[in-house]
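Participant: the following block contains a protein sequence and its predicted model.
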Amino acid sequence: MRQKIVAGNWKMNGSLAGNAALLEGIVVGISGFSGVECVVCAPFPYLFQVQAKLADSPVLWGAQNLSQYDRGAYTGEVSASMLKDFGATHVIVGHSERRAIFGETSMIVAEKFRAAGDAGLIPILCVGESLSERESGITERIVGEQLDAVIDFAGVDALRSAVLAYEPVWAIGTGRTATPQQAQDVHRYLRARIASRSAEVAGKVSILYGGSVKPSNAGELFAMPDIDGGLVGGASLAASEFCEICRAAA
Ligand code: PEP
């Protein structure tokens, strides 16, 4: 049995007052079930608040980005060792917004992935195709190249303590979700691609689906054999929705 995981990506949203209510709602809301690992990925300035609010709860937490460098003259950057030092467990790596808006190449993503793993963080590695790439029929090539870049650099064994997230760019924040079968097809492909390097790792790694996951579609997505949970943006900002999605994965 692979670990079921639901991770919330708050993106650049939040305030001290709003986060307090959201975190309290999540802690109460997830207390009624088990069997799923719930993770909150918050903006850097709020990690201290997340750390304090989630300290005695089963909810894990982390960041949405990190530097590929360990220390030194990198103004504005945050290293993996700093996140680890502070108690974070997870960090999102290679989100499509980082790739598209901030110019993160597959090489940079691979370096960040390895930096996270080397520091003892669990990287949540995002891969996904754009709408034009899907319509051109090259989804598998795109996600395969994104995955290979990381495996070639960090080694397939690094996936033992990592999470993979398939996030079709056309489904992120658009309200347009991949059908469960569309998502399953790509998840199966990704697992097979990992299996070509190590069948054992492929069998163990959790692959999350991300892209407009909501309480209304989470159950049918998570019922697919290669979908092990979700990476959730918009719906992670409402405690009741996030908890319902977590429950659907439990
Ligand atoms: C995301 O940001 O990773 C995401 C999947 O967003 P949303 O759930 O809002 O589509």
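Facilitator: Yep, that arrived. Numbering: from 1, shown residues only.
Participant: and the residue lying closest to Arg99 once chain neighbours are set aside, what does it touch?
Facilitator: For Arg99, ignoring the flanking residues on the chain, the nearest one in space by CB to CB, 6 or more residues apart in numbering is Val109 at 7.0 Å. Heads up, the C-betas are built off the backbone N, CA and C, glycines and all. The neighbours of Val109, taking CB atoms under 8 Å, 6 or more residues apart in numbering as the test, are 93-94, 98-99, 125, 146, 149-150.
Participant: from Glu244, how far off is Val109?
Facilitator: 31 Å (CB to CB, to the nearest Å).
Participant: pick out the residue in this protein sitting closest to the ligand.
Facilitator: When distances are taken as CB to the nearest ligand atom, the chain reaches nearest to the ligand at Gly233, 2.2 Å away.
Participant: for that residue, what are phi and psi?
Facilitator: Dihedral angles of Gly233 (phi, psi; degrees, to the nearest 10) stand at phi -90, psi -90.
Participant: which ones are touching it?
Facilitator: Contacts of Gly233 by CB under 8 Å, 6+ apart are 8-9, 11, 172-173, 210.
Participant: also Leu147?
Facilitator: Shown in contact with Leu147 (CB under 8 Å, 6+ apart): 125, 127, 164, 190, 193-194.
Participant: which one of those has the most neighbours?
Facilitator: For those, the largest number of neighbours (other CB atoms under 10 Å) sits with Leu125, at 30 neighbours.
Participant: gap between the residue of the chain closest to the ligand and Ala218?
Facilitator: With distances defined as CB to CB, the gap from Gly233 to Ala218 amounts to 13 Å.
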